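Chemist: The sequence and its predicted three-dimensional model are supplied below.
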Amino acid sequence: TEWPADALTAVAERFLGEVQMEGPVREGCVLMCSTFHSSTSQMAVRFKEQLKRIYYATPTSFLELIQTFKMLLAEKRKQVSDLKDKYQNGVEKILTTEESVAGMKTELIDLQP
C-alpha cells in the first residue's frame, strides 16, 4: 500500500524538523524526499511490468531515505565548514606575512647607506 502524499510530507517534516535550515529550504527538502519516494513507488510498478521483478518502496525505505539525506547533509556541511576554516587560516597567514614583509622592507630601507 502506498502512503498518501500528505503522510509522506508530515513524516518528512517531522524528521527534517530536527535539522537546522531555513524554512523555504526545509520545504524544498520535504518535497524532494516525498517526490523521491512517490516516484520510486511508480517506477517499481514499471519495473515489475517490464522486468517481472518486484521492488518494494516501504515506509522503512522512506525513513532510510530521510536518514541518509540527513547524514549526507551533515557530512557536506562539515566539509564546507572545514574548507572555510582552511581558507580563513590561509587569509590570516597571508595578512601576517604581508605585515612582516612590510616591516622587513622598512628595516632594509633604514639600513641603506
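Modeler: Perfect, I can see it now. Values in this document were obtained by computation on a predicted structure and should not be read as measured data.

Chemist: contacts, neighbours, all on C-alpha from now
Modeler: Fine.

Chemist: Would you map the helices across this structure?
Modeler: 5-16, 23-51, 59-111 (DSSP state H).

Chemist: Just send those back as TSV, with mean pLDDT too.
Modeler: Below are the helices of the chain laid out as TSV (pLDDT from 0 to 100):
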stretch	mean pLDDT
helix 5-16	93
helix 23-51	92
helix 59-111	95
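
Chemist: any chance of these in a markdown table, plus mean neighbour count?
Modeler: Output for the helices of the chain, formatted as a markdown table (neighbours: other Cα atoms under 10 Å):
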| stretch | mean neighbour count |
| --- | --- |
| helix 5-16 | 16 |
| helix 23-51 | 15 |
| helix 59-111 | 12 |
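
Chemist: And residue 65, how close does it get to residue 16?
Modeler: 11 Å (Cα to Cα, to the nearest Å).

Chemist: Please apply the same query to residue 70.
Modeler: 8 Å.

Chemist: thinking again about what came up before, pull up the overlap in contacts between residue 65 and residue 16.
Modeler: Shared contacts of residue 65 and residue 16 (Cα atoms under 8 Å, 6 or more residues apart in numbering): none.

Chemist: just how off-centre is stretch 76-91 within its chain?
Modeler: 15 Å (Cα atoms, centre = their mean, to the nearest Å).

Chemist: and if you look at stretch 26-40?
Modeler: 15 Å.

Chemist: For it, C-alpha coordinates in CSV please.
Modeler: Extracted in CSV, the C-alpha atoms of stretch 26-40 (Å, rounded to 0.1, in the frame of the first residue of the first chain):
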residue,chain,number,x,y,z
ARG,A,26,13.2,22.8,4.5
GLU,A,27,10.1,22.9,2.4
GLY,A,28,12.1,22.0,-0.7
CYS,A,29,13.8,19.1,1.1
VAL,A,30,10.5,17.8,2.4
LEU,A,31,9.1,18.0,-1.2
MET,A,32,12.2,16.3,-2.6
CYS,A,33,12.0,13.4,-0.2
SER,A,34,8.3,12.9,-0.8
THR,A,35,8.8,13.1,-4.5
PHE,A,36,11.7,10.6,-4.5
HIS,A,37,9.6,8.1,-2.6
SER,A,38,6.5,8.5,-4.7
SER,A,39,8.4,8.3,-8.0
THR,A,40,10.2,5.2,-6.7
